[in-house]
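J.: Here is a sequence with its predicted model. Questions after.
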Amino acid sequence: MNRRNFLKSGALTIAGFTIIPRHVLGGVHFTAPSDQINLGLIGCGAQGRWTLGPEFAKRANLIAAADCESRQLQAFQEIVDKVTQEAKGQAYKGFKQYADYHELLARTDIDGVIIATPDHWHAVQTIEACRAGKDVYVEKPMAHSIAEGRAMADAVKKYDRVLQVGNMQRSWRNFRHACELVRNGYIGEIKEIKVSVGPPPIAYDLAAQPVPKTLNWEMWIGPAPMNPYNEELAPPMERKVFPNWRNYKEYGGGMVCDWGTHMFDIAQWAMGMDDSGPIEFTPPNPHERKPLTMHYANGTTMTHERFRKDDGNAVRFIGDNGVIDISRSFLDTLPAKLQDHVIGENEIRLYKSDDHYADFLQAMKSRKQPLSTVEVGHRTVSLCHIINLCYEFDRPLNWNPEKEEFFMDDEANKRRSNPIRAPYSIEV
């Protein structure tokens, strides 16, 4: 129907009807390219309050937030009000706070959610958000187990959602350039990759402390094993620190997952292994001074070890014609001229994004998957979880990336998933 006939039909003569609603254009949760995107944030801790909230408030309408700590929630609204005032000339007057994230997900005027909760919450909240018709930006590490990552990927596919993982280094020029140099063979065939990140997690062993009156501890724990409160998991705001829940296996994956999902992610991207991963994992051998070692099916070796003193989180690519070291603070190449080499139009060029947050918002409008998809996040974090299991078991593990299972290893296969406390579920 053309515009003239539509007007003749009288459809736009109804009193007060001046805007075509979203559901007419393409479904209840359809986001027209011209629309302002409405977002809600789940998790107002350090990362949500200091980084994700302000960044998204500059680029979209951040109209609601949920958190189980009331002071954090109030502090977050004050930050968003200030950022919105500076970015858009006036603060949003209808901002809503929720103690229970389910109420936020129930709103039909919210197009997408930012999930900035601890790792043990990511899968449950992502799946529920997808079921509610929301697109998702979820912080890294994407999932707290291999099974959770697969369930999240299944949910994105089933409910036709857009998901961006917070592996933001893919939107940084130096990391993309390093990966393009590797992909195009500028240092020859890759013989070895070294990845420097911190240690695996430990079992929870902290002393019980009184739960703050402003914190709903039951909600903080959610689907994870119940343990007594300690401020290392959820520090009071006055400490102004990132919490240490990430160091305990019940709630995080240690630095292997926390920083590994950045650095191993770059190794996977450069190797063209976004849909795969190593097939053999061998624990460290201190007697022979050998680090934890992985092997890809193509013969490339990757190790988890510290290889430079000037940055604890970095990647080194060793080829038969050169070396590339990359971190957030340096890009060093051998030959040195590669650092500024321009990749040609006819060479392999990777997905280019200079703004990880804007890339997600654009994907919401175009309905195309963004740079760091749910499958990318799943494969990267799966690699990290297998490394943690290799350290814990202290024995070799053989992994089948296609079937996503360990070869003839019942113990390891059982640990692909974590127990989920009722009433929560990762059922898609």
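T.: Thanks, I have it. Remember, it's a predicted structure, so these values are computed and weren't measured experimentally.

J.: Does anything pack onto the helix or strand containing residue 114? Which helices or strands?
T.: For residue 114, the host element (DSSP states H and E) is strand 112-115. Strand 112-115 is packed against strand 38-42, helix 122-131, strand 135-138, with contacts defined by 3 or more Cβ pairs under 8 Å, 6 or more residues apart in numbering; DSSP states H and E. (Glycine included, C-beta is placed from N, CA and C.)

J.: Quick check: mean pLDDT of it?
T.: Rounded to a whole number, the mean pLDDT of strand 112-115 is 98.

J.: Could you give the separation of that strand from the chain centroid?
T.: Centre-to-centre, strand 112-115 and its host chain are 11 Å apart (Cα atoms, centre = their mean, to the nearest Å).

J.: May I have that strand as PDB, with CA atoms only?
T.: What follows is strand 112-115, C-alpha atoms only, in PDB (Å, rounded to 0.1, in the frame of the first residue of the first chain):
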ATOM      1  CA  GLY A 112      18.000  -4.200  25.200                       C
ATOM      2  CA  VAL A 113      19.800  -4.900  28.500                       C
ATOM      3  CA  ILE A 114      23.400  -4.500  29.600                       C
ATOM      4  CA  ILE A 115      24.400  -7.300  31.900                       C
END
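
J.: That strand pairs with which strands?
T.: strand 38-42 (parallel), strand 135-138 (parallel) (DSSP bridges).

J.: Report the buried residues of it.
T.: Of the residues in strand 112-115, 112, 113, 114, 115 count as buried by neighbour count, 16 or more other Cβ atoms under 10 Å.

J.: Equivalent analysis for stretch 388-396, please.
T.: For stretch 388-396, by 16+ other Cβ under 10 Å, it's 388, 389, 390, 391.

J.: With stretch 295-307 instead?
T.: Here stretch 295-307 shows 296, 300, 301, 302, 303, 304 as buried, counting by 16+ other Cβ under 10 Å.

J.: was I right about the third one contacting residue 291?
T.: Read that as residue 301. No - using Cβ atoms under 8 Å, residue 301 is not in contact with residue 291; the gap is 10.6 Å.

J.: sec struct for residue 311, please.
T.: coil (DSSP: H, G, I helix; E, B strand; the rest coil).

J.: Name the nearest residue to it, sequence neighbours excluded.
T.: Closest residue to residue 311 apart from its sequence neighbours, by Cβ to Cβ, 6 or more residues apart in numbering: residue 327 at 4.4 Å.

J.: so who does that neighbour touch?
T.: 311, 313, 314, 315 (Cβ atoms under 8 Å, 6 or more residues apart in numbering).

J.: again, but for residue 310
T.: 329, 330.

J.: gap between it and residue 325?
T.: 10 Å (Cβ to Cβ, to the nearest Å).

J.: swap in residue 409?
T.: Taken as Cβ to Cβ, the span from residue 409 to residue 325 is 35 Å.

J.: Neighbour count: those two, which is higher?
T.: residue 325 (21 against 17; other Cβ atoms under 10 Å).

J.: That one contacts residue 316, correct?
T.: Yes - with contact defined as Cβ under 8 Å, residue 325 counts as touching residue 316 (5.0 Å).

J.: who touches both of these two?
T.: With Cβ under 8 Å, 6+ apart, residue 325 and residue 316 have common neighbours residue 308.

J.: mind checking the SS state of residue 164?
T.: Residue 164 ends up strand, using three-state DSSP.

J.: typo on my end, it should be residue 333
T.: Under three-state DSSP, residue 333 comes out as strand.

J.: mind listing what it touches?
T.: 181, 187, 322, 323, 324, 325, 339.

J.: would you list every one of the helices in the stretch 151-300 of the chain?
T.: Using DSSP state H, counting those that start in this stretch, the helices assigned to the stretch 151-300 of the chain run over residues 173-183, 217-221, 254-258, 260-271.

J.: just these: most buried one?
T.: Comparing these by mean neighbour count (mean count of other Cβ atoms under 10 Å), helix 260-271 comes out on top with a mean of 26.

J.: Packing partners of it?
T.: helix 173-183, strand 190-196, strand 314-319, helix 374-393.

J.: could the ones you listed go into a markdown table alongside mean pLDDT and distance to residue 67?
T.: Shown next, in a markdown table, are the helices and strands packed on helix 260-271 (pLDDT from 0 to 100; distance: least, Cβ to Cβ, whole Å):
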| stretch | mean pLDDT | distance to residue 67 |
| --- | --- | --- |
| helix 173-183 | 98 | 31 |
| strand 190-196 | 98 | 33 |
| strand 314-319 | 98 | 33 |
| helix 374-393 | 98 | 23 |
